[in-house]
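Novice: sequence isn't available, so here's the structure alone:
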């Protein structure tokens, strides 16, 4: 498997295959500016999920303070008839393991972001990616609502708190929030917001919405039977 570290524009700046060494210099470590701050004492984990091609890699890359780690591979004929490209016919790369980014919330606390693969054939990786996660962001593409149905269902089965972010795609249909919630059979308490995964500020606000929702859940009083 190939691992790539990308800059903010998605360009690959480091590429290493299944080798213990990357050239004559041995294992390549993080850039100095990407190293974990010495003051960091704790970390929390959030997962970005959604169907194939909904913008998970883009969101991680736009909001991460470090160059994101991606595991994108070129799509080949082997995926024909397996991966549904309806609505994303121009997509030529796909995440096969995970995306990874980081945000420093303060000097002592960091937030780790993990983006999941979108194709169902890679969903077995969810078990590891969700271990220890506080919550998730579900990215929604209104051109292809159906690719998010199973994603939401799996999160509900796992009991993972999540928010839904409607990603802005050019030419995508705009539906009333009530219709989108009904299509996803979304509980009233679960937040749904608009976002643009390409924009750092919008992606940040999406994560803030999730954090606030998690805080609300911790302060809720359990209902008396």
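Specialist: Cool, got the structure. This structure is a prediction, so every number in the text was calculated from the model and none was measured.
Novice: what's in contact with the helix or strand hosting residue 193?
Specialist: Using DSSP states H and E, residue 193 falls within strand 192-195. With contact meaning Cβ atoms under 8 Å, 6 or more residues apart in numbering, strand 192-195 is reached by 59, 139, 163-168, 177, 180-181, 186, 202-203, 205-206, 209. Quick note: C-beta positions are derived from backbone N, CA and C, even for glycine.
Novice: quick one: low-confidence parts of this structure?
Specialist: Within the chain, the ranges that satisfy pLDDT under 70 run 1-34, 71-97, 118-126, 221-225.
Novice: if we can go back for a sec, and the strand holding residue 193, which strands flank it?
Specialist: Strand pairing for strand 192-195, determined by DSSP bridges: strand 162-167 (parallel).
Novice: the longest helix in this protein is where?
Specialist: helix 200-219 (DSSP state H).
Novice: and it with strand 162-167, angle?
Specialist: Compare the direction of helix 200-219 with that of strand 162-167 by axes from the mean of the first three to the mean of the last three Cα atoms, to 10 degrees and you get 160 degrees.
Novice: helices or strands up against helix 200-219?
Specialist: helix 56-63, strand 135-140, strand 162-167, strand 192-195 (3 or more Cβ pairs under 8 Å, 6 or more residues apart in numbering; DSSP states H and E).
Novice: thought residue 129 was touching residue 47?
Specialist: Yes - Residue 129 is within contact range of residue 47, at 5.8 Å (criterion: Cβ atoms under 8 Å).
Novice: which among the contacts of strand 192-195 end up buried?
Specialist: Using 16 or more other Cβ atoms under 10 Å as the burial test, these include 59, 139, 163-168, 180-181, 186, 202-203, 205-206, 209 as buried.
Novice: residue 129 and residue 47: which is more packed in?
Specialist: Neighbour comparison, residue 129 and residue 47: the larger count goes to residue 47, with 25 against 21 (by other Cβ atoms under 10 Å).
Novice: checking the more buried one next. Helix, strand or coil?
Specialist: Put simply, residue 47 is strand when judged by DSSP: H, G, I helix; E, B strand; the rest coil.
Novice: thought it was touching residue 138?
Specialist: No - applying Cβ under 8 Å, one finds residue 47 not in contact with residue 138, separated by 9.7 Å.
Novice: contacting residues for the closest residue in space to residue 55 that isn't next to it in sequence?
Specialist: On the basis of Cβ to Cβ, 6 or more residues apart in numbering, the spatially nearest residue to residue 55 that is not a chain neighbour turns out to be residue 197, at 3.8 Å. By Cβ under 8 Å, 6+ apart, the contact set of residue 197 is 55, 56, 58, 59, 62, 139, 165, 167, 168, 203.
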